[in-house]
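K.L.:
sequence and predicted structure below; questions after.
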Amino acid sequence: MNVPNYITFFRILIIPFLIITFYVPENVLGGLSRNFLATFFFILAGISDWLDGYLARKMGLESKFGAFIDPVADKLIVISSLVMLVELDRVSAIIAVIIIGREVAVSALREWMAGIGASNHVAVAFIGKLKTTLQFIAIALLLFFDDIFFIPISFLGQITIWAAALLTIISMLYYLKQAFTLKQSN
């Protein structure tokens, strides 16, 4: 265990707080406050994701355990947030299934590729990073949901989540093509 791994565990511990936020009685935590707090927890998780990776690289603390638990934490926060957004009727179940399905499929693909000694062939590509960035922005917008002055946050969140879903499909096809190409060459 090292500092980056503790930060990753902190990210996992944020998840129950994000979820519980939506179950606090309305007279204790009103709609705007609830949305703000949930968004705060989600953004805090995003910052901790960046921070643990930065520190692991900067301090030379990269580890096999960290390489395993970091993406698990990322998937848990995204999946938890998407399920909450579906329950709140802010995201279509179809979008959630596309994003969650891709995460499961690509994780399984990476596991399989690691098993045959070819994990570097499914390393994170730019399209995967772009998908993750759009997903993060979309989820944050949809958690906040309320307009800010004249800015239609929920509408922007809907557009962004659809774009993220499209990139989710494209990135999954990219990773599958990488694996298929490797399999054909062997």
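P.N.:
Arrived safely.
K.L.:
so which residues of the chain form helices?
P.N.:
Secondary structure of the chain (DSSP state H): helices at 3-21, 31-58, 64-87, 93-115, 126-144, 153-185.
K.L.:
grab the nearest non-local neighbour of residue 77.
P.N.:
Nearest-residue entry for residue 77: residue 45, 4.8 Å, with adjacent residues in sequence omitted and distances by C-beta to C-beta, 6 or more residues apart in numbering. The C-beta positions use only the backbone N, C-alpha and C, and glycine is treated the same way.
K.L.:
please report the distance of residue 56 from residue 5.
P.N.:
The spacing between residue 56 and residue 5, counted by C-beta to C-beta, to the nearest Å, is 8 Å.
K.L.:
in the protein, which ranges drop under the pLDDT threshold?
P.N.:
By pLDDT under 70, the weakly predicted segments of the chain are 118-123, 183-186.
K.L.:
domain map for it?
P.N.:
1-88, 90-186 (automatic domain parsing).
K.L.:
mind giving me a markdown table with the ones you listed and columns for mean neighbour count?
P.N.:
Compiled in a markdown table, those are given as follows (neighbours: other C-beta atoms under 10 Å):
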| stretch | mean neighbour count |
| --- | --- |
| domain 1-88 | 16 |
| domain 90-186 | 16 |
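K.L.:
list the contacts for residue 172?
P.N.:
Each residue near residue 172 by C-beta atoms under 8 Å, 6 or more residues apart in numbering is listed here: 102, 105-106.
K.L.:
what sits against the nearest residue to it once chain neighbours are set aside?
P.N.:
Spatial nearest neighbour of residue 172, chain neighbours left out: residue 102 (4.5 Å); criterion: C-beta to C-beta, 6+ apart. If a contact means C-beta under 8 Å, 6+ apart, then residue 102 has 168-169, 171-172 as its contacts.
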